[in-house]
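Student: Structure for this input, please:
(chains A and B)
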There are 2 protein chains.
Amino acid sequence: MIRRPFFEFWYEFASPYSYLTAMRIEQAAAEAGVELVWRPFLLGPIFKAQGWGTSPFNLYPAKGRYMWRDMEREAARFGLPLYRPSLFPQNTLLAARLALLGLDKGWTPVFTQAVYAAEFGEGRDISDPQVLSGILSGLGLDPETTVHEAQSDATKGRLRRLNDEALSRGVIGAPSFFAEDGEMFWGNDRLDQALEWAATQARRSEVPL
Amino acid sequence: MIRRPFFEFWYEFASPYSYLTAMRIEQAAAEAGVELVWRPFLLGPIFKAQGWGTSPFNLYPAKGRYMWRDMEREAARFGLPLYRPSLFPQNTLLAARLALLGLDKGWTPVFTQAVYAAEFGEGRDISDPQVLSGILSGLGLDPETTVHEAQSDATKGRLRRLNDEALSRGVIGAPSFFAEDGEMFWGNDRLDQALEWAATQARRSEVPL
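Tutor: Modelled structure (predicted):
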């Protein structure tokens, strides 16, 4: 059996364009024949490294206005609901730690999609532990022990290391994608090209000597 | 005969992604059945309004590094040569005034494409009046009188008004596109959606009463 190449999907729960990617990336990755690796991280430290105290969509209101209009059109194009949250960006620390915790147990993809659907599809506040607990319950997980585990030093440290890795690999926003050869792509608009890159690299490595 | 809807293409000569658009927009607009309107303008005043003294690709080096890598991939995808200019962004004031002057006489499209090809396809310095004069000569225009006319108060004022219009209409970068109903799209990545929007709006207005 030929091993499928890894394809990393780096996402931040507060990022609107990451929502558009998260809801469709599983099918797209399966079609491209790559092994999807979920990488929940935080944009806060990335923005801080650029000298920004909050999202550039807030720092530059004209940019923010355009982004929300563009999101309306793009969500419609992908057949996704869009509800602009009253608070933006939301605090996504607990959600990211939970998504990270789910990696070993396999529930990160469904959890991630449920969080995005709540936030951008229904306008709910995902910084609220009650909202996250409700999502965990819906997946058949015990909210109390799961949240407790997500707040452990081990999970906290793991998220910090992932954020350090994002910075050192040159991540500047979300979503970002890495092919196995380290090639980076940024933005929901680059999903197709990134998958094609990853699939092409994999085909090249199959060529017999 | 049915009037084709207007489709505005706002571009800045220093903008790499505007180069990718400029070289292919004529064919794309013709296929979409829209009337292409060329709008050369300057990003400087737009960036200044956001509090930036230069291009964000220079202010944020990680973003700049990513952009040039992305440009390499995107230029290859569109079959265009790419030469990263040693100076970025270039001073595009004279080039923009010239492009504006050509609107009435019809040579703006070929001039625009020749300037972009020189700058990003060959790495030449388009802030150099000699380079621009060479391009004008190549188009069969008299460089001396054309440059003189481009530096007239009338052309200068026209460019200032166009820049004011860009700001007031919420332009945040280049390339930007406007459909006839005022809908704005930003980025080379949005050319197809913008054209589809414009064409769809036009079809709707054709519906008999």
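Student: Please name the bridge partners of A:Tyr11.
Tutor: Beta-bridge partners for A:Tyr11, by DSSP bridges, are A:Pro40.
Student: Surely it is in contact with A:Thr21?
Tutor: Yes: using Cβ atoms under 8 Å as the test, A:Tyr11 is close enough to A:Thr21 to be in contact (6.8 Å). Backbone N, C-alpha and C define where each C-beta goes, glycine included.
Student: Next to chain B, which bits of chain A? Give me the list.
Tutor: Counting by Cβ under 8 Å from any Cβ of the partner chain, chain A comes close to chain B at A:49-50, A:60, A:62-63, A:65-66, A:69-70, A:73, A:77, A:170, A:172, A:184-187, A:189-190, A:193, A:197.
Student: May I see the buried residues of stretch A:95-103?
Tutor: The neighbour-count check on stretch A:95-103 (16 or more other Cβ atoms under 10 Å in any protein chain shown) flags A:95-103 as buried.
Student: What of stretch A:59-77?
Tutor: Residues of stretch A:59-77 classed as buried: A:60, A:62-64, A:66-67, A:70-71, A:74-75 (neighbour count, 16+ other Cβ under 10 Å).
Student: Inside helices: which ones of those residues?
Tutor: Counting by DSSP state H, the buried residues of stretch A:59-77 place A:62-64, A:66-67, A:70-71, A:74-75 in helices.
Student: Format the residues you listed as a markdown table; extra columns: pLDDT.
Tutor: Below are those laid out as a markdown table (pLDDT from 0 to 100):
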| residue | pLDDT |
| --- | --- |
| A:Ala62 | 88 |
| A:Lys63 | 91 |
| A:Gly64 | 92 |
| A:Tyr66 | 96 |
| A:Met67 | 95 |
| A:Asp70 | 98 |
| A:Met71 | 97 |
| A:Glu74 | 98 |
| A:Ala75 | 98 |
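Student: which one among those gets closest to A:Leu87?
Tutor: Closest approach between those and A:Leu87, by Cβ to Cβ: A:Gly64, at 13.3 Å.
Student: Spit out the contact partners of the residue in chain A positioned nearest to chain B.
Tutor: The nearest approach of chain A to chain B comes at A:Asp189, 4.5 Å away (Cβ to the nearest Cβ). By Cβ atoms under 8 Å, 6 or more residues apart in numbering or on different chains, A:Asp189 lies in contact with B:187, B:189.
Student: what do you get if the cut-off is 6 Å, keeping everything else the same?
Tutor: Taking Cβ atoms under 6 Å, 6 or more residues apart in numbering or on different chains, we find A:Asp189 in contact with B:Asp189.
Student: anything in contact with each of A:Tyr11 and A:Thr21?
Tutor: Counting by Cβ under 6 Å, 6+ apart, the contacts common to A:Tyr11 and A:Thr21 are A:Pro175.
Student: can you list the weak-confidence ranges in chain A?
Tutor: By pLDDT under 70, the weakly predicted segments of chain A are A:1, A:206-209.
Student: any idea how far the nearest residue to A:Ser86 once chain neighbours are set aside lies from A:Leu42?
Tutor: Nearest-residue entry for A:Ser86: A:Gly123, 7.3 Å, with adjacent residues in sequence omitted and distances by Cβ to Cβ, 6 or more residues apart in numbering or on different chains. Taking Cβ to Cβ, to the nearest Å as the measure, A:Gly123 falls 22 Å from A:Leu42.
Student: same question, A:Gln90
Tutor: 12 Å.
Student: neighbour count winner among these two?
Tutor: Ranked by neighbour count (other Cβ atoms under 10 Å in any protein chain shown), A:Gln90 and A:Leu42 place A:Leu42 first, with 23 against 17.
Student: Could I get the contacting residues of the more buried one?
Tutor: So A:Leu42 contacts A:96, A:163 (Cβ under 6 Å, 6+ apart).
Student: go again using 7 Å as the cut-off
Tutor: Residues near A:Leu42 by Cβ atoms under 7 Å, 6 or more residues apart in numbering or on different chains: A:12, A:92-93, A:96, A:163.
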